[in-house]
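Undergrad: Would you be able to build a 3D model of this:
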Amino acid sequence: MYNAVAENVLGTIGTILWCIQLVPQIIRNYYVKDCEGVPSVMMFLWALSGVPFSIYFFGTDGSIPLRVQPQLFTLCCVITWIQTLYYPPVQCGLRKVIIYASTFIIIAAGAEVGFILWLRPIYREGKEWPLLIIGIIAALLIALGLIPPYFELAKRRGRVIGINFVFVSMDSLGAIFSLVSIVVGTMDILSIVLYAIVIALEFGIFASHTIWYIRFGKKEKAKENNQERDHEQEQEAESAYESSQEYSQEHLQEHSKEHSQEHSKEHSQEHSQEHENSLNKMVEIQAQISRSDKSEYEYNEKYNNYDI
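TA: Numbering: from 1, shown residues only. Coordinates of the predicted model:
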């Protein structure tokens, strides 16, 4: 049964969720500075899918929310794609990332405007199949974009790494609300198939991680906790060793300083004693010289008296 109000409300909720679904993932990537487990191919395909989606909704004279949604979705996908290229494990240079992103945006914008101007008059004349093909391409790109995460899951026995579950939850809810809005509304078969594929593939991601947690999660968690504890113990041991080294160094410096002071004091005393001895010796020599001079003087006096 057709219900226009329900279609608009549910469709608007779904559109809002799909517009902002990638924001949690973008924030997570920015703070972690790592995109391991987030395939760049996925984000590129999703960004690419926004172009035919926009062409489809503009060409079929869709509602304003349906026209805005692909633009915001593509923007978020491009930002996330840039992050996956710039952050590890890909780590392209900033210059390359700017070139890739700029080239994509220019080509996408040109293709979008060109196809809309070309296909909208054809659709208004009653030929719907060209835009239908564009819509199918968009749906296929969205579905293909959800395949690369399964390769990441296979690498880790089904564990989800890097992908933010808030993002996946919002994406799934957006698809569910949009699907229900179509069911109670115009019954667009293409959109129903698209949203059903998205829901199924994202449910598979949730199921994969749940199964991994049941099978290996507790063991992996315990292993990670043990590794963290061992790492903390190693850090504590290193800290204690560094502290002991610093204490030994300070003690050695103090001992060296005291020894230097004692040695300097002893050396000063010895030097003073030597100086005093030298002075005494010089005084004795002067006294001897004086006595010698006096004796010579007396002898000369005596000799002179004898001559007289």
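
Undergrad: mind listing what Ile161 touches?
TA: Neighbouring residues of Ile161 by C-beta atoms under 8 Å, 6 or more residues apart in numbering: Glu36, Gly37, Glu152. No exception for glycine: its C-beta is placed from N, CA and C like everyone else's.

Undergrad: Buried only: go through those for me.
TA: By neighbour count, with 16 or more other C-beta atoms under 10 Å, those hold Gly37, Glu152 as buried.

Undergrad: any idea which of the contacts of Ile161 is closest to Phe167?
TA: Nearest to Phe167, judged by C-beta to C-beta, of the contacts of Ile161 is Gly37 at 12.4 Å.

Undergrad: what's the pLDDT at the closest residue to that closest one other than its chain neighbours?
TA: Nearest-residue entry for Gly37: Gly162, 2.7 Å, with adjacent residues in sequence omitted and distances by C-beta to C-beta, 6 or more residues apart in numbering. Gly162 carries a pLDDT value of 93.

Undergrad: Okay, the residue nearest the centre of the chain and Thr74: tell me how far apart.
TA: Centroid-nearest residue in the chain: Lys33, 1.3 Å away (criterion: C-alpha atoms, centre = their mean). Plainly put, Lys33 is 24 Å away from Thr74 if you go by C-beta to C-beta, to the nearest Å.

Undergrad: try Gln233
TA: Taking C-beta to C-beta, one finds Gln233 at 49 Å from Thr74.

Undergrad: More neighbours: which of those two?
TA: Thr74 (23 against 10; other C-beta atoms under 10 Å).

Undergrad: wait, the more buried one sits on Ser54?
TA: Yes - look at Thr74 against Ser54 with C-beta atoms under 8 Å: they come within range, at 7.3 Å.

Undergrad: which ones are touching the closest residue to Asn3 other than its chain neighbours?
TA: Counting by C-beta to C-beta, 6+ apart, Asn3 lies nearest to Val184, which is 4.8 Å off, once chain neighbours are set aside. Going by C-beta under 8 Å, 6+ apart, Val184 touches Met1, Tyr2, Asn3, Ala6, Glu7, Leu10.

Undergrad: Tell me the pLDDT of Val184.
TA: pLDDT at Val184 comes out at 83.

Undergrad: Also Gly217?
TA: What the model reports as pLDDT for Gly217 is 82.

Undergrad: what about it, neighbour count?
TA: Neighbours of Gly217 (other C-beta under 10 Å): 14.

Undergrad: What strand or helix carries Glu152?
TA: Using DSSP states H and E, Glu152 maps to helix 148-155.

Undergrad: Tell me the helix or strand right after that helix.
TA: In N-to-C order, the element after helix 148-155 by DSSP H and E is helix 165-183.

Undergrad: still on that earlier bit, the residue nearest to Gly37 contacts Pro39, correct?
TA: No - here Gly162 lies out of contact with Pro39, judged by C-beta under 8 Å, at a distance of 9.0 Å.

Undergrad: Overlap in contacts, those two.
TA: Residues touching both Gly162 and Pro39 (C-beta under 8 Å, 6+ apart): Glu152.

Undergrad: Between these two, point out the one with more neighbours.
TA: The neighbour comparison of Gly162 against Pro39 (other C-beta under 10 Å) goes to Pro39, with 21 against 18.

Undergrad: got the contact list for the more buried one?
TA: Residues in contact with Pro39 (C-beta under 8 Å, 6+ apart) are Thr84, Pro148, Pro149, Phe151, Glu152.

Undergrad: What is the nearest of those to Leu119?
TA: Pro148 (29.7 Å).

Undergrad: Burial check on the closest one, number of neighbours?
TA: Residues near Pro148, counting by other C-beta under 10 Å: 17.

Undergrad: That one touches Val38, doesn't it?
TA: No - here Pro148 does not reach Val38: they are 9.3 Å apart, not a contact under C-beta under 8 Å.

Undergrad: excluding its backbone neighbours, what's nearest Phe177?
TA: Phe177 sits nearest to Gly14 (C-beta to C-beta, 6+ apart), 3.5 Å away.
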